[in-house]
Structures are given as structure tokens and as C-alpha cells.
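Q: predicted model follows, preceded by the sequence.
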Amino acid sequence: MSDDSGLVTITGHQDFGKTVDDVCAAVAAMGYHVFAQVDHTDNAVRAGRELPPTTLVLFGEPTVGTDLIAERRTEAIDLPSKILVWQDADAVRLTYNTADWLVRRHGVEREGAAAAQVLEETTEKICRQAASARP
């Protein structure tokens, strides 16, 4: 599902930990690099709070992202690319930004828009692969 916020959310079909692992494996299989995983749930616990499973995976390929950043330096605030894996009462979800949102937010031109589209297509493939993987 997608909306005007520039976010796409799809539903996963396995448990949370396996989904995060499969996102990272799919990133590597696509030739991209996982730069970091931010475990928001662990951070919440350390702060004495509760939060359902929520992990942000930051990934990218500098030859793609650099084109965007070179055109509009502000793109660096949204790169590397991110996939948020989170769990609600019903299922595990995967959420990512659309290329259109990035282009509108930063006012990138034709070359940057093409690079943003490549990032979105790759991110969608990673999410769909991780969401559809079976144990």
C-alpha cells in the first residue's frame, strides 16, 4: 500500500527476525551493502520503554546514491536507502520511501529522478523477496 506520504508498506509472511535477516540477505544478493541496522526495540528497552519489534535497515550502493547527492546535496539526509521492518498486532510489515517522494522533496532533475527510480525499484524487489520468503 502507498499513499501521499511517500511511503510504501507491504506485509511479510514470516516472523520478524527472519524478515530482517532476509532483507539483509536480499540487499547483499542485489549487490548493495548493509551499512547498519538500528534496533529501535532494543533502544526502547534500554530507555526503560516498550516498543514492538522495529528495526531500520540502512543500505545502499555508492555509485547510485552519489548521483543523487551530487545533484542535490540535501538528498544525503535521505540516503542511504532504508527499509523499516516492524511488527503490529496482525503481521510483520516492510516500509520504504518512493522515488517520487524523494524527487519532490529535493527537487531533483531528470538524472537524479532516474537514479531515485532505480533505488525504489531495487528497494521494492528487496522487500518483496524478503516478504515472500518462506521458512
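A: Ah, there it is. Numbering: from 1, shown residues only.
Q: hey, which helix or strand in this protein has the poorest pLDDT?
A: Using mean pLDDT, DSSP states H and E, the weakest-scoring helix or strand in the chain turns out to be helix 62-71, at a mean of 85.
Q: buried set for that one?
A: Across helix 62-71, burial judged by 16 or more other Cβ atoms under 10 Å covers 64-65, 67-69, 71. All C-beta spots, glycine's among them, are computed from the backbone N, C-alpha and C.
Q: list the contacts of the spatially most central residue of the chain.
A: Nearest to the mean C-alpha position of the chain, by Cα atoms, centre = their mean, lies residue 83 at 1.9 Å. Contact analysis of residue 83 by Cβ atoms under 8 Å, 6 or more residues apart in numbering lists 23, 56-57, 59, 94-96, 123, 126-127.
Q: kindly report the same for residue 99.
A: So residue 99 contacts 113, 116-117, 119-120 (Cβ under 8 Å, 6+ apart).
Q: per-residue confidence at it?
A: Note on residue 99: pLDDT of 88.
Q: count of neighbours near residue 40?
A: 15 (other Cβ atoms under 10 Å).
Q: also residue 33?
A: 12.
Q: same question, the one 10 residues further on
A: For residue 43, the tally of surrounding residues (other Cβ under 10 Å) stands at 12.
Q: that one and residue 80, how far apart?
A: 19 Å (Cβ to Cβ, to the nearest Å).
Q: repeat for residue 118
A: Counting by Cβ to Cβ - residue 118 and residue 80 are separated by 14 Å.
Q: which of those two has more neighbours?
A: Remark: of residue 118 and residue 80, residue 80 carries more neighbours, 19 against 15, as counted by other Cβ under 10 Å.
Q: which residue is the nearest non-sequential neighbour of the more buried one?
A: residue 60 (3.4 Å; Cβ to Cβ, 6 or more residues apart in numbering).
Q: so what's the one you found up against?
A: 32-33, 35, 79-81, 119.
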